[in-house]
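Engineer: A predicted structure for the sequence below; I have some questions about it.
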Amino acid sequence: MMKFLVLFAACLPIVIMMGCSEEEVVRVGTPFDNGGTTGAEFNTGFTDSETLSELRKIIEMEEKIEPPNELAPVADLVLTLDKPEENVSELWRYVWYMDDGSAVLSNRGNAVEEEQEFYALNEEQTKELKNILD
């Protein structure tokens, strides 16, 4: 009985930490627009803390910009940062890769909408983003 109590006491903090931890998931997908029906097909997910940390650093570097004059109607990719245990998406970014190596990001996927915000990443930051997502 004493061994059981010692084992239980040793394992209890681990069980508590596992139960309290929030797992975050980065999902990466391809946006689509089929005759007015829009959405995204997600095909990749990351849960490792290194990828999450690197992605957060890139997002912190984005600079808010005015809506661009010309963007393709559908973004090149979409990424989300989700907390599945809470059934919440903390972050959505639609990404358009530009010819000059930079990227334009937005919190919404379609043409300019109300409450849509745009951000820019320079060429180096865009390369880092691509490396993270590959």
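Structural biologist: The structure has been received and is ready for your questions. Numbering: from 1, shown residues only.

Engineer: CA only for contacts and neighbour counts going forward, please
Structural biologist: OK.

Engineer: shaky segments in this structure?
Structural biologist: Applying pLDDT under 70 to the chain picks out residues 1-22, 110-114.

Engineer: residue ranges of the strands in it, please?
Structural biologist: 25-34, 37-46, 63-65, 77-83, 88-97, 103-106, 118-121 (DSSP state E).

Engineer: Go through those and pick out the most buried.
Structural biologist: strand 103-106 (a mean of 23; mean count of other Cα atoms under 10 Å).

Engineer: Starting from residue 69, give me the distance back to residue 59.
Structural biologist: Distance from residue 59 to residue 69, counting by Cα to Cα, to the nearest Å: 22 Å.

Engineer: Tell me how far residue 54 lies from residue 60.
Structural biologist: With Cα to Cα as the criterion, residue 54 and residue 60 are 10 Å apart.

Engineer: what about the two, which has more around it?
Structural biologist: residue 54 (15 against 9; other Cα atoms under 10 Å).

Engineer: Go ahead and confirm the more buried one touches residue 132.
Structural biologist: Yes: under the criterion of Cα atoms under 8 Å, residue 54 makes contact with residue 132 at 7.2 Å.

Engineer: Between residue 59 and residue 69, which has more neighbouring residues?
Structural biologist: The neighbour comparison of residue 59 against residue 69 (other Cα under 10 Å) goes to residue 59, with 17 against 6.

Engineer: Now do the contacts for the nearest residue to residue 93 once chain neighbours are set aside.
Structural biologist: In space, and not counting its chain neighbours, residue 93 is closest to residue 107: 5.0 Å by Cα to Cα, 6 or more residues apart in numbering. Shown in contact with residue 107 (Cα atoms under 8 Å, 6 or more residues apart in numbering): 91-94, 116-118.
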